[in-house]
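Colleague: coords below, sequence missing:
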């Protein structure tokens, strides 16, 4: 888990899979002060309540891969976890770290967002007690690497509502299946609460495609990938970066959505 | 635990033996193994968690030791390639699972982990489990064949995993 908010701020440290990349030569990173969370055992577990799965801030992708209930009830989490790096990364990388690293290409975040997850932020209040704030993940990112989190707040857990899902689709387009950073990704879920369509590695943040969701709710007819293209421009504001171009991303995302949804959503034929 | 000179004392178990090391506060486990503990079998490839050459087990799970700070290993159990019985690797050698050898220690640590956890093959293929170990020589078929034979020899197998 990471998230320095300026010089002097403590950087929370969990699995280290982002923070230690090219460590010996990353001299800027050597100047920071890190706050190791690994000894805080109560942040580790996955906790199932009647209404939610609570993913502790230190829970890893592998913890989710190994939880049979996740596979049957919240399959997007397992599908996403298995595309992150490979087993050596999955055993160390945390869901909370994926949120705090705030990469637009995060693979865990779209799965969580498609399930309407919330982030529980904890801090020490003026009276010394723990203060908690719960923020919807789809309202957490304000811009590229900008989050609705104060420097003194730590993620305590991620809460995922338990719902019945009729549709769960996770798509990742990358140079290869494993060990590749996503060029274009999508997580799609449908429950009684409606459709959720989340795009990652397309815009400056992971974000919901609300116009697409509305088209699916309305059963608007879509007969080809081009049917999604105009609304995607509005929904995600695709970017150019080292991994791909905005044009490629919009085009591929339209195709990914069309072929994933054809036959699953009433209007997409 | 942290002293004024920016070093830390870390007590951990390596290959079954308790050891104590004094290391720079954010030293990587990979460097501690190679340069403080005389265990150079673990290799550095990419330094970014992509190639898997530095794979070791931390509390029984495969990790990239280039992405683990040594201080987080206090009180924990680390196993390196030096803990593996060379005789058990005969099936890998016979299958052409190694050529230049740079990836081999990491590949072996993943392969031996699968051998100890054959139940993982109910949900994962060998190729998915090996995805974190890049090999530029063998084309992977020799590695997968070697792993299959190793599992057969250990009595943990009765079919095709790849």
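Modeller: Structure's in. What do you need? Since the model is a prediction, treat every value here as computed from it, not as a measurement.

Colleague: going forward, measure contacts and count neighbours with C-alpha atoms only.
Modeller: OK.

Colleague: Give me the phi and psi for the spatially most central residue of chain A.
Modeller: Chain A has residue A:109 as the residue nearest its centroid, 0.3 Å off, counting by CA atoms, centre = their mean. The phi/psi pair for residue A:109 (degrees, to the nearest 10) reads phi -60, psi -50.

Colleague: That one: what's its closest spatial neighbour, skipping adjacent residues?
Modeller: Taking CA to CA, 6 or more residues apart in numbering or on different chains, and ignoring the residues beside it in sequence, residue A:109 has residue A:99 as its nearest neighbour in space, at 6.1 Å.

Colleague: which SS state does the one you found fall under?
Modeller: Under DSSP: H, G, I helix; E, B strand; the rest coil, the three-state class of residue A:99 is helix.

Colleague: Number of residues surrounding it?
Modeller: Other residues near residue A:99 come to 28 when the count uses other CA atoms under 10 Å in any protein chain shown.

Colleague: Roughly how far does it sit from chain B?
Modeller: Taking CA to the nearest CA, to the nearest Å as the measure, residue A:99 falls 19 Å from chain B.

Colleague: hmm, back to that, wait, the residue nearest to the centre of chain A touches residue A:206, no?
Modeller: Yes - in this structure, residue A:109 is within contact of residue A:206 by CA atoms under 8 Å, at 7.1 Å.

Colleague: show me where the stretch 101-250 of chain A has helices.
Modeller: Here the stretch 101-250 of chain A has its helices, by DSSP state H, counting those that start in this stretch, at A:108-114, A:210-217, A:229-236, A:246-261.

Colleague: List the buried residues in the last one.
Modeller: This points to helix A:246-261. A:246, A:248-258, A:260-261 (16 or more other CA atoms under 10 Å in any protein chain shown).

Colleague: Distance from it to the middle of the chain?
Modeller: Averaged C-alpha coordinates place helix A:246-261 at 19 Å from its chain's average position (CA atoms, centre = their mean, to the nearest Å).

Colleague: tell me what that helix is packed against?
Modeller: Here helix A:246-261 touches strand A:184-191, helix A:229-236, going by 3 or more CA pairs under 8 Å, 6 or more residues apart in numbering or on different chains; DSSP states H and E.

Colleague: Rebuild those as TSV, extending it with distance to chain B and mean neighbour count.
Modeller: Formatted as TSV, the helices and strands packed on helix A:246-261 follow (distance: least, CA to the nearest CA, whole Å; neighbours: other CA atoms under 10 Å in any protein chain shown):
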stretch	distance to chain B	mean neighbour count
strand A:184-191	20	24
helix A:229-236	29	18
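
Colleague: Columns mean pLDDT and distance to residue A:147 on top of these, output as CSV?
Modeller: Formatted as CSV, the helices and strands packed on helix A:246-261 follow (pLDDT from 0 to 100; distance: least, CA to CA, whole Å):
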stretch, mean pLDDT, distance to residue A:147
strand A:184-191, 97, 21
helix A:229-236, 89, 17
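
Colleague: roughly how far out does stretch B:121-136 sit from the chain middle?
Modeller: On CA atoms, centre = their mean, the centre of stretch B:121-136 falls 14 Å from that of its chain.

Colleague: Could you tell me the end-to-end distance of it?
Modeller: The straight-line separation of the ends of stretch B:121-136 (CA to CA, to the nearest Å) is 25 Å.

Colleague: Please enumerate residues in contact with it?
Modeller: Applying CA atoms under 8 Å, 6 or more residues apart in numbering or on different chains, the contact partners of stretch B:121-136 are A:85-88, A:178-179, B:50-53, B:103, B:106-107, B:110-111, B:114, B:144, B:161-162.

Colleague: got it, and stretch A:101-109?
Modeller: Applying CA under 8 Å, 6+ apart, the set of residues contacting stretch A:101-109 is A:1-3, A:18, A:77, A:80-81, A:83-84, A:95, A:98-99, A:141, A:144-147, A:181-185, A:200-206.

Colleague: ok, now stretch A:11-25?
Modeller: With CA under 8 Å, 6+ apart as the criterion, stretch A:11-25 contacts A:1-4, A:29, A:32-38, A:58, A:89, A:92-94, A:97, A:101, A:154, B:47-49, B:66-69.

Colleague: what separates that stretch from the chain centre, distance-wise?
Modeller: 19 Å.

Colleague: Does residue B:73 touch residue B:12 like I think?
Modeller: Yes - using CA under 8 Å, residue B:73 is in contact with residue B:12, at 6.3 Å.

Colleague: can you list residues touching both of the two?
Modeller: Joint contacts of residue B:73 and residue B:12 (CA under 8 Å, 6+ apart) do not exist.

Colleague: what residues does chain B put near chain A?
Modeller: Residues of chain B lying close to chain A by CA under 8 Å from any CA of the partner chain are B:47-50, B:52, B:55, B:61-64, B:66-69, B:72, B:128-132.

Colleague: could the helices and strands packed on helix A:246-261 go into CSV alongside distance to residue B:92?
Modeller: Shown next, in CSV, are the helices and strands packed on helix A:246-261 (distance: least, CA to CA, whole Å):
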stretch, distance to residue B:92
strand A:184-191, 37
helix A:229-236, 48
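
Colleague: Which positions in chain A make contact with chain B?
Modeller: Going by CA under 8 Å from any CA, the residues of chain A near chain B are A:15-17, A:20-23, A:38, A:85-89, A:91-92, A:178-179.

Colleague: what do you get if the cut-off is 6 Å, keeping everything else the same?
Modeller: A:16-17, A:20-22, A:86, A:88, A:178 (CA under 6 Å from any CA of the partner chain).
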